[in-house]
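> Show me the folded form of this:
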Amino acid sequence: MNLVESLSQITSKLNDLLIEDKGHLDHPEDLIFLRGTAGARDAITKIESTIKNPKAITIKWDGYPALIFGRGANGKFSIMDKHMFNKKDGAGRKVYSPEQFIAYDNARGVDRAELHDVITNIWPGLQKASQGTKGYYWGDMLFGKPLQDQKGAYKFKANPNGITYTVDVDSEIGKLLTNKIAGVAVHQYLNPNASSTDEASSLDGTIGNLKNNSDVAIVPSAMPVIPDVSVNKGLAKNAKDAIAKYGTSVDTLMNTAPQARATFNQLFTTYINKKIVSGDLNNLLDDFMTYVENRPMTVPMKKKIADHLNNNKNGIIGAFSIWMALYNLKMSVVEQLAKAAEDSPVKGYLQSGQQSQEGFVSQGLKFVDRMGFSRQNLAAKR
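Presented below is the predicted three-dimensional model:
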């Protein structure tokens, strides 16, 4: 077990068991819950744009932990996690050495000894890679010790609940990983004056202004093989027809909920993740009503929610109908991307041995086989 795997096993227990870490990336189908019919239409638009611009599709690496590193306006180098970066007083962005990182944790009574070892190990390499740049890079650790050539391939797994990768040693990425003590896949950029990860923008598969000149590999997220993707016109029509049929009812359901919109949305997204863990996407409506009845909440609020749902049954039917139509449309794209990845020098595998990637990213959304990677990952966290 390497350092990153050990760290992941410890800290994954602290994560919410049912809600996937968004990282500013939503599943296209979930936009019906998050933003109503406007979100659903946006999902279709972005799926269609993904098909038209396959060069812009990137790999969603299954790395761990997620780190933000780089230089602020003062030019000083720092490494932090998302929560440190977002700390309102800016203290988390004023950590300029491994020793200060450790002191920061000690001051707030947090014991992250495993992470401290990771930070100390990769600090010099990432500092060198960012020399002469401004701004921060958001990425994920892929491995934390030198990789061994295993019959022409490098093999690593950062997330114990996730994807095992193999990379052809003689490929472009394979050569990049050779003789490196660690690898970090970067995917987003934050300007040097940013104060929140909400300001992050995609690197579009590049490594920005970073340089691969140190003992830490900076891994781009561009797909090694550009996929050939086409739209399934029947599935696209089904999604648009569902929105036309149920849109008004869904928006009424969402916009008149008796609790904060974000909290009400979470009833649906958390429930969907439970269904995914179960491996069964049938009976979405009936199982949802049972789920809400059993969900812990105050008696008055439970009555308000129950009354609201009972008065908006068509909206619930519509929400799940649109969700399923969008999911099927998205999966038609995911399946084509997965097929293209089979010819890539970077291959991923689920615990079952099935070849799979965590997913792909395009147009600010994540294209993931939720009954594959997501189910495995969420089930392990339970």
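> could I have stretch 106-124 exported to PDB, CA atoms only?
C-alpha atoms of stretch 106-124 as PDB (Å, rounded to 0.1, in the frame of the first residue of the first chain):
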ATOM      1  CA  ASN A 106      -1.700  21.700  14.300                       C
ATOM      2  CA  ALA A 107      -3.200  25.100  15.100                       C
ATOM      3  CA  ARG A 108      -6.700  23.900  14.300                       C
ATOM      4  CA  GLY A 109      -6.300  20.500  16.000                       C
ATOM      5  CA  VAL A 110      -6.300  18.400  12.900                       C
ATOM      6  CA  ASP A 111      -4.100  15.300  12.600                       C
ATOM      7  CA  ARG A 112      -3.200  14.600   8.900                       C
ATOM      8  CA  ALA A 113       0.200  13.100   9.300                       C
ATOM      9  CA  GLU A 114      -0.200  11.000   6.100                       C
ATOM     10  CA  LEU A 115      -1.000  14.000   4.100                       C
ATOM     11  CA  HIS A 116       1.900  15.900   5.700                       C
ATOM     12  CA  ASP A 117       4.300  13.200   4.300                       C
ATOM     13  CA  VAL A 118       2.800  13.600   0.800                       C
ATOM     14  CA  ILE A 119       3.100  17.400   0.900                       C
ATOM     15  CA  THR A 120       6.700  17.300   2.100                       C
ATOM     16  CA  ASN A 121       7.600  14.800  -0.600                       C
ATOM     17  CA  ILE A 122       6.100  16.700  -3.600                       C
ATOM     18  CA  TRP A 123       6.700  20.300  -2.400                       C
ATOM     19  CA  PRO A 124      10.100  20.800  -4.100                       C
END
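> hang on, residue 356 packs against residue 350?
Yes. Using Cβ atoms under 8 Å, residue 356 is in contact with residue 350, at 5.0 Å. Just so you know, the C-beta spots here come from the backbone N, C-alpha and C atoms, and that holds for glycine as well.
> of these two, who's got more company?
Ranked by neighbour count (other Cβ atoms under 10 Å), residue 356 and residue 350 place residue 356 first, with 23 against 19.
> from the middle of its chain, how far away would stretch 298-318 be?
Taking Cα atoms, centre = their mean, to the nearest Å, the mean C-alpha location of stretch 298-318 is offset from the chain mean by 30 Å.
> what's next to it, contact-wise?
242, 245-247, 249-254, 256-259, 267, 285, 288-289, 292-293, 295, 297 (Cβ atoms under 8 Å, 6 or more residues apart in numbering).
> which parts of the helix of greatest length in the chain are buried?
The residue-count maximum for a helix in the chain (DSSP state H) belongs to helix 313-341. By 16 or more other Cβ atoms under 10 Å, the buried positions in helix 313-341 come out as 315-334, 336-338, 340-341.
> what do you get for stretch 272-291?
Buried residues in stretch 272-291 (16+ other Cβ under 10 Å): 272, 273, 275, 276, 277, 281, 284, 287, 288.
> Look up phi and psi at the residue nearest to residue 49 when sequence neighbours are not counted.
What sits nearest to residue 49 in space, not counting adjacent residues and going by Cβ to Cβ, 6 or more residues apart in numbering, is residue 363, at 5.3 Å. Main-chain torsions, residue 363, degrees, to the nearest 10: phi 60, psi 30.
> got it, and residue 68?
Here the main-chain torsion angles of residue 68 (degrees, to the nearest 10) amount to phi -120, psi 130.
> Would you check how far apart the residue of the chain most remote from its centre and residue 114 are?
Residue farthest from the centre of the chain, counting by Cα atoms, centre = their mean, is residue 300 at 35.4 Å. According to Cβ to Cβ, to the nearest Å, residue 300 and residue 114 sit 44 Å apart.
> Now do the helices in the stretch 151-300 of the chain.
Remark: helices assigned in the stretch 151-300 of the chain by DSSP state H, counting those that start in this stretch are 172-177, 233-255, 261-278, 284-294, 299-311.
> for those, which one sits closest to residue 213?
helix 172-177 (11.7 Å; Cβ to Cβ).
> Buried residues of the closest one, list them for me.
Neighbour-count burial for helix 172-177 flags 173, 174, 177 (criterion: 16+ other Cβ under 10 Å).
> which helices and strands sit right next to that helix?
On a contact count with 3 or more Cβ pairs under 8 Å, 6 or more residues apart in numbering; DSSP states H and E, helix 172-177 meets strand 153-156, strand 164-168, strand 216-219.
> The residue nearest to residue 159 when sequence neighbours are not counted: what secondary structure?
Closest residue in space to residue 159, ignoring its immediate chain neighbours: residue 64 at 4.5 Å, by Cβ to Cβ, 6+ apart. Following DSSP: H, G, I helix; E, B strand; the rest coil, we place residue 64 in the coil state.
> First-to-last residue distance for stretch 71-81?
Distance across stretch 71-81, first residue to last, is 14 Å (Cα to Cα, to the nearest Å).
> which other residues reach it?
For stretch 71-81, the surrounding residues in contact (Cβ under 8 Å, 6+ apart) are 65-70, 92-96, 101, 115, 119, 122-123, 126-127, 130, 133-136, 192-193.
> Touching, residue 218 and residue 212? I think so.
Yes. Using Cβ under 8 Å, residue 218 is in contact with residue 212, at 5.2 Å.
> anything in contact with each of those two?
Residues touching both residue 218 and residue 212 (Cβ under 8 Å, 6+ apart) are residue 129.
> which one of those two has more residues nearby?
Remark: of residue 218 and residue 212, residue 218 carries more neighbours, 23 against 13, as counted by other Cβ under 10 Å.
> show me the contacts for the more buried one.
By Cβ under 8 Å, 6+ apart, the residues touching residue 218 are 129, 139, 184, 186, 207, 210, 211, 212.
> Spatially, which two of these are the most separated?
Across the contacts of residue 218, the longest distance by Cβ to Cβ is 14.5 Å; it joins 139 and 211.
> Cheers, nothing more for now.
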